[in-house]
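K.L.:
pasting the structure only:
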């Protein structure tokens with residue numbers, strides 16, 4: 001079976017610390033959760049009921065084994081390169097009283113010294129892109145030359161097969177050995193995207209505007225731009241129109257993976273409704289509401305993948321919100 005959505009990029013361990021706790025670099029305290037934006041998106045889409053594949057690189061270690069097991073239990077088809085020379089990445093995550101998190105470092109000092117920095121371009125040659133509708137990638141892999149080459153090869157193969165390219169900006173400066181080269185590398189990579197998802201802060205950082213409509217006009221290749229603003233809501237803009245919705249008010253415990261879950265909700269809806277649904281403001285509003293529910297529900301429990309909702313939970317939440 002060919003999955004309609006392929007997510008490519010980092011799969012890693014988020015080590016979450018107690019609210020207010022400031023761990024030392026390399027700390028083994030805290031609680032480990034599966035993470036990594038592409039892995040989070042893949043798991044959330046699969047849990048919602050759309051077949052999904054993840055392409056990534058993990059260390060030949062116990063953490064890598066564990067992550068693959070978790071993803072397979074979520075229903076994700078895994079095409080994982082196991083790297084003997086580099087370990088699976090562990091990210092240290094600090095949380096504040098509102099559930100917001102800060103990425104403060106890794107289990108080793110060198111950001112390039114982990115398996116996901118070494119995804120081989122040759123690994124992409126074994127991937128079947130036939131009948132794939134969406135290739136979803138972040139930009140963190142662009143920090144590492146080997147993985148960047150693999151991403152470019154995957155993008156080219158997916159485009160040749162007729163798939164849409166979806167990019168989640170996911171700016172995390174701690175991942176970049178040389179932060180100064182990031183803006184241009186990311187902008188160059190965005191020139192081949194069909195749909196861009198980014199936060200308000202990321203939009204201001206990279207594109208000097210927090211208007212999804214302006215970004216869509218600036219970048220002629222974008223058919224749609226998704227802009228999220230945390231508890232303030234989200235916007236989707238196309239060349240023809242722009243639709244904004246407020247966020248659902250929930251008592252968040254941990255916001256890790258909320259944006260990934262939001263993107264998963266959009267992609268799940270696109271697979272059900274078709275790419276042309278972006279041209280209907282009414283349908284687009286329904287899709288944003290669905291994705292916002294997926295994102296909101298993910299903040300009610302700690303961790304990204306463990307907290308993702310089932311389609312039944314999303315439907316019940318939306319029904320309750322409509323009734324209220």
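P.N.:
That came through fine. Because the structure is predicted, anything quoted here is derived from the model rather than measured.

K.L.:
quick one, strands of the stretch 201-324 of the chain?
P.N.:
224-228, 234-237, 242-245 (DSSP state E, counting those that start in this stretch).

K.L.:
Please give me every residue in contact with residue 264.
P.N.:
Contacts here follow Cβ atoms under 8 Å, 6 or more residues apart in numbering; on that basis residue 264 touches 40-45, 48, 291, 294, 308. To be clear about C-beta, it is placed using only N, CA and C from the backbone, and glycine gets the same treatment.

K.L.:
Would you mind checking which of those is nearest to residue 80?
P.N.:
residue 42 (11.4 Å; Cβ to Cβ).

K.L.:
The helix or strand hosting that closest one packs against which elements?
P.N.:
Element membership for residue 42 (DSSP states H and E) is helix 37-48. Counting by 3 or more Cβ pairs under 8 Å, 6 or more residues apart in numbering; DSSP states H and E, the packing neighbours recorded for helix 37-48 are strand 5-8, strand 52-59, helix 62-74, strand 134-137, strand 164-168, helix 258-273, helix 281-298, helix 311-323.

K.L.:
Need those in TSV (columns: distance to residue 192 and mean pLDDT).
P.N.:
Below are the helices and strands packed on helix 37-48 laid out as TSV (distance: least, Cβ to Cβ, whole Å; pLDDT from 0 to 100):
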stretch	distance to residue 192	mean pLDDT
strand 5-8	14	98
strand 52-59	18	98
helix 62-74	27	97
strand 134-137	11	98
strand 164-168	6	98
helix 258-273	18	97
helix 281-298	23	96
helix 311-323	31	94
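
K.L.:
right, so those: which one is the most enclosed?
P.N.:
strand 5-8 (a mean of 28; mean count of other Cβ atoms under 10 Å).

K.L.:
could you check the angle strand 52-59 makes with the next helix or strand after it?
P.N.:
Using DSSP H and E, the helix or strand that follows strand 5-8 towards the C-terminus is strand 12-16. Computed by axes from the mean of the first three to the mean of the last three Cα atoms, to 10 degrees, the angle separating strand 12-16 from strand 52-59 equals 80 degrees.

K.L.:
Which residues does the helix or strand bottoming out on mean pLDDT in the chain contact?
P.N.:
The helix or strand of the chain with the poorest confidence is strand 101-106; it has a mean of 77 (mean pLDDT, DSSP states H and E). For strand 101-106, the external contacting residues (Cβ under 8 Å, 6+ apart) are 16, 22-23, 25, 89-96, 114, 172, 174, 254-256.

K.L.:
now for the strands of the stretch 201-324 of the chain, which one comes closest to residue 268?
P.N.:
Counting by Cβ to Cβ, residue 268 lies closest to strand 224-228 out of the strands of the stretch 201-324 of the chain; the figure is 13.6 Å.

K.L.:
Tell me which other helices or strands that closest one touches.
P.N.:
In terms of contacts (3+ Cβ pairs under 8 Å, 6+ apart), strand 224-228 is packed against strand 195-199, helix 200-207, helix 212-218, strand 234-237, helix 258-273.

K.L.:
between the last one and strand 52-59, how big is the angle?
P.N.:
Angle between the axes of helix 258-273 and strand 52-59 is 140 degrees (criterion: the same axes, to 10 degrees).

K.L.:
Run the chain-centre distance for helix 258-273.
P.N.:
Offset of helix 258-273 from its chain centre (Cα atoms, centre = their mean, to the nearest Å): 10 Å.

K.L.:
what's the answer for the third one, then?
P.N.:
Averaging C-alpha positions (Cα atoms, centre = their mean) puts helix 212-218 21 Å from its chain's average.
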